[in-house]
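# here's my sequence, what's the structure:
(2 chains)
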Amino acid sequence: MSSYVAKRAVQACALLLFVSLVGYAIMSLAPGGPLAVYLHNPQVTPEKIDLLRHQLGLDRPWYLRYAAWLGGLVRGHWGYSYYTGRPVLEMIAERLPATFTLMLSAFILALVLSFPLGVLAATHKYSWGDNLLSLGAFFVWAMPTFWFGLMLQMTLAVRWHLLPVAGIHDLDNNSARDLLRHLAMPALVLGIGSIASWSRYLRSGMLEVLSQDYVRTAYAKGLPARRVVRRHVLRNSLLPIVTIMGLDLHVLFSGAVITESIFGWPGMGRLFLAALNNRDYPLQMAGLMVSAALLIVGNLLADLAYAVLDPRIRYR
Amino acid sequence: MNGLIVTAAAPSDRVPGRGLWALAWRRFRRHRMALGGIGVLAVIAGSAVTAPLITSSDPTTLDPDHSLAPPSREHLLGTDDLGRDELARVVYGGRISLLVGLTAMLLGSAIGVVMGSAAGYMGGWIDTAIMRFVDLMLSFPAIFLLLILINWTGGRAPVVMMIAYLGLFGWTGLARIVRAEYLALRAREFVEEARAMGAGVRRIIFRHILPNAMAPILVQAAFAVAGAILAEAALDFLGFGLPPDIPTWGNLLTQAEDYITTNPILAVAPGIVITLTVVAVFFIGDALRDALDVRAR
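Just a heads-up that it's a prediction; the model follows:
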């Protein structure tokens, strides 16, 4: 097992390296660049632009800049933002907690809602409730996320004043209750896709297990239905859904870019969008690397969870 | 090979039976939701195509004196912040949004079919190289890379580039499916026969195997259209989509964001149209999967 983890870790590093190289190349070769905003500004003389270009190191070819950036990255120095001049690591350290809070809330929400929904749908196959859930899942996947967010804001916040429209907390109010009130809508918007997909996966996984011989045996020996579902069926249907959960780690991070924009949530997603607009290369790379790392970690976790949940699977 | 002389059957000898498509249609018809989906899609796509017949208003004509007007007989969905008729914008916006969705799907499918069939039919190092590449693409944080890529066109993408971006990022899933189909089909007798009759690789891949692998491709294509429409709308919202002066469903929604308190219809209408379109496509794809008997992945 440990050698398997080590092998995967090496693969992960190679992959991260590759993602960073491709990302850096695409980013640097895009026309324009960080100084394009100054080109039409009469206040900024060409000499000043050249000076800035030199100071930012943009007068060197991109692969040399990439090498320097990579060298810094491994030594724990992620460079300085072109726009604010602050260390990139410091800037993302400020923003990551907000994003992770949002992701975790969405994850928990999806977990808490999708399991009962999936189990009920599977145990009441083709009932009106099951059909309604299938229909609901289709609509959830079909809705543009940001439209769903807008509709929530319009109804829950603007019309009925139940929840705050946006932001992470009210002024001078740092209570947990206030945070939860601000979290409710963004977490739902971010998690709704996972609620739909996890409950559907759980349903189909359980339906498969429900037709197995050992389930019939369990019923035959007189076990109550609750116990059969919980001990025999649910446990054996967990495998596929755990994979989806691992993959969704990255989906949630990507989704946070949109969710944070709707709700003015001060997280990584909005920071990354701002970095794109400002052509803030070091910050863009930081966003790309964090998302790539989450993608890789999610995949790895899913594979490892497989081994934990299914004793028959052994990794070498 | 087996000593028998095979004579081609004359057309008149053919037993009058139901073809694959007739059978599929019979199964497809059972799905009422999918039939409803076709209806919804026909209405939405039909009104996009025949936009000038649906509304006499122009989607881009400014009328600052009548900005943010509530729905009225003249403007059924009211007007936006610049006085443009919202119904016209939704209807004409459908042209762009549907066009981008369809063509991005076509591009992605073309790449996916070529890559997947080459990998599946050729095997060997070509297969390894292509599939490694697909794995690599799938382990990329696609949205982040796509956003960085869009800076190539200055942070906004002209329609053609948007189609290219979405197509280039949307072929990997199909390539895997097509490869699996080709792996199974290339060992079948009819392929061997075609090869024995001297058909070239390209002919075998596209004329002999492809028609037999069409079912999963069609299903995947349906979902790809839905995905492309949603992705384009999301990019519009993030400010990395099509330029804001082009009416698309995503741009309409984004521009409506500031007016949800005063003119909610501006946000509600395009959202409902997108959702209905995509749901309709989902239902059709789902029914196709059943009708064409595509195994669940």
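# spell out which residues of the stretch 1-150 of chain B are next to chain A.
Contacts of the stretch 1-150 of chain B with chain A, taken as C-beta under 8 Å from any C-beta of the partner chain, map to B:136, B:139, B:140, B:141, B:142, B:143, B:144, B:145, B:147, B:148, B:149. The C-beta positions use only the backbone N, C-alpha and C, and glycine is treated the same way.
# filter those to the buried ones?
Neighbour counting by 16 or more other C-beta atoms under 10 Å in any protein chain shown classes B:139, B:140, B:141, B:142, B:143, B:144, B:145, B:147, B:148, B:149 among these as buried.
# from these, which land in strands?
Members of these lying in strands (criterion: DSSP state E): none.
# next, format the residues of the stretch 1-150 of chain B next to chain A as a markdown table and append pLDDT.
As requested, those are arranged in a markdown table below (pLDDT from 0 to 100):
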| residue | pLDDT |
| --- | --- |
| B:136 | 87 |
| B:139 | 82 |
| B:140 | 85 |
| B:141 | 87 |
| B:142 | 87 |
| B:143 | 88 |
| B:144 | 89 |
| B:145 | 89 |
| B:147 | 91 |
| B:148 | 90 |
| B:149 | 90 |
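# tell me the one among the residues you listed nearest to residue A:186.
The nearest member of the residues of the stretch 1-150 of chain B next to chain A to residue A:186, counting by C-beta to C-beta, is residue B:143 at 17.7 Å.
# my guess is the closest one contacts residue A:257. True?
Yes. Between residue B:143 and residue A:257 a contact is recorded at 6.9 Å, counting by C-beta atoms under 8 Å.
# give me the common contacts of these two.
When contacts are counted by C-beta atoms under 8 Å, 6 or more residues apart in numbering or on different chains, the set common to residue B:143 and residue A:257 is empty.
# off-centre distance for stretch B:22-39?
Chain-centre distance of stretch B:22-39: 19 Å, with C-alpha atoms, centre = their mean, to the nearest Å.
# that one - what's its average pLDDT?
Mean pLDDT, computed over stretch B:22-39, is 89.
# show me where the stretch 51-200 of chain B has helices.
For the stretch 51-200 of chain B, the helices defined by DSSP state H, counting those that start in this stretch cover B:51-54, B:86-122, B:124-138, B:142-150, B:159-169, B:172-185, B:189-196.
# name the residues of the fifth one that come out as buried.
Taking 16+ other C-beta under 10 Å as the neighbour-count basis, helix B:159-169 is seen to contain the buried residues B:159, B:162, B:163, B:164, B:165, B:166, B:167, B:169.
# and it, what does it pack against?
Contact here means 3 or more C-beta pairs under 8 Å, 6 or more residues apart in numbering or on different chains; DSSP states H and E; on that basis helix B:159-169 packs against helix B:86-122, helix B:142-150, helix B:214-238.
# geometric centre of chain B: which residue is closest?
residue B:225 (2.0 Å; C-alpha atoms, centre = their mean).
# quick one, what contacts that one?
B:101, B:102, B:105, B:281.
# okay, it: pLDDT?
Per-residue confidence (pLDDT) for residue B:225: 95.
# what about it, distance to residue B:100?
Separation of residue B:225 from residue B:100 (C-beta to C-beta, to the nearest Å): 10 Å.
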